[in-house]
Each structure stands twice: as structure tokens, then as C-alpha cells.
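> my questions concern the predicted model and sequence given below.
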Amino acid sequence: MKKNKQSKFTISYPITLFCILIIGLVLIFGVSFAFQRPGDINQSQVAVLEIVLDDNKTGLVLENMIPMTDDDGKMLTGYNFKIKNIGKVNGTYKLLIEDLPLGVIDDGCTPNTLLKREQLRYQLISNHQEISLKELGEVKTNVLDIREIKGGEEQLFELRMWVPLRAGSSDWKNKHYHFKIVVQPINNEG
């Protein structure tokens, strides 16, 4: 009587084929990655933006305003700030103005003492050139401006706001406006 010797370890054909395929793919990707030039690697780079404000406050308050002409409004001392691209890559950003809700600035204001955007005009200057002069109520989705900025570049801004001459006395007396300036980078990819 002969005994059949069986191997203790048997591998089926599909499993062997699958293992060979996986090893082959790993080798192909490993070799292609090893010979890839460093510049060929797709790196997602973005501009690094920084807003530098005149002060460290949570927000800004416009108060003690009186109605005036655009010519007089342009003579007001503006709110100065700058945007810096501290990275090396060029970028694009939105310059936003956001209304601050009651209580963010503790000045005792109430819904009755806050000016609305529709009651104000503004002038925005960038690098000593006027880029906007219009009603603040016309600003849609909070976007004051969209700008490109080169790596290492700095852009200066000045923002002035006033109550227009057409305002009635109940529209502005003993009222003020709370806001903040925000920079929102725009992803240029895709």
C-alpha cells in the first residue's frame, strides 16, 4: 500500500495570480516614483495672506457722524490696513466687510442705535488709488474688492465711511456702525 504524500501548504491558482499582480504593481509604482524628478511632483501651493490692522480690536465703530458730501467724506481720516502675502506664491483674495452683531463691541448699542449699510457711503483706496466710491448697501455678499497679490507683495488700503448728505435727521443722529475687515483667500486651482 502506497501513501500519497500531500503538501501541507497548497495555494490555489487565482490566489497566486493575485499575489503576483500586487507585487508587480508595487514594483512598477516604486520604480516610477524613484525616477521621478523633484519638480514633477504635484504640490498644491497657496499664497499665505496676512492682514495688518491699525489696531488689535475685535471690530471697528463709526460714531459721531454727520451727513456730508462725497467731497467732504473723502477728506475724513480713513481706516488704514494692509494685506501682505508672506508666501512666495502669487494669490487672489476677496476683501470683505462684515457687520458685527450686537454685543461683540461693548458700547451699549441697541438695534435702534445701529446704522444700516443703506445709510452709509464709502470710499476704498488701494495703494493711493480710489477703487470704490458708492453706497455701502450696494456691497453684495460682503465683497468690497477682489485682488491679486504677488508673493512677498504688500498692498495698502484706506477705507472711509460717512452718512450721505441726503440723510434725514432720524437716520443718523446718535447712531453708529460696527464692522470688521476680513481677507478671504481664493483657491486658484481648477
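Received the coordinates, thanks.
> so where do the helices sit in the protein?
13-34, 70-73, 169-172 (DSSP state H).
> neighbours of the closest residue in space to K94 that isn't next to it in sequence, just the number please.
Spatially, and ignoring its direct neighbours in sequence, K94 is nearest to Q184 (4.5 Å; CB to CB, 6 or more residues apart in numbering). C-beta here means a position set from N, CA and C on the backbone, and glycine is covered the same way. The local packing of Q184 (other CB atoms under 10 Å) involves 12 other residues.
> dihedrals phi and psi, V139?
phi -70, psi 120 (degrees, to the nearest 10).
> mind listing what it touches?
Each residue near V139 by CB atoms under 8 Å, 6 or more residues apart in numbering is listed here: 97, 117.
> quick one: it from V48, how far?
26 Å (CB to CB, to the nearest Å).
> again with P185
Counting by CB to CB, the gap from P185 to V48 is 9 Å.
> sorry, back to before: so who does the residue nearest to K94 touch?
Per CB under 8 Å, 6+ apart, neighbours of Q184: 93-94, 96.
> show me those residues that map onto strands.
Members of those lying in strands (criterion: DSSP state E): 93-94, 96.
> most surrounded residue in the residues you listed?
Y93 (21 neighbours).
> what's opposite that one in the beta bridge?
Judged by DSSP bridges, the bridge partners of Y93 are R147, P185.
> pretty sure it sits against R147.
Yes: assessed by CB atoms under 8 Å, Y93 is found in contact with R147 at 6.0 Å.
> intersection of neighbour lists for the two?
Common contacts of Y93 and R147 (CB under 8 Å, 6+ apart): I83.
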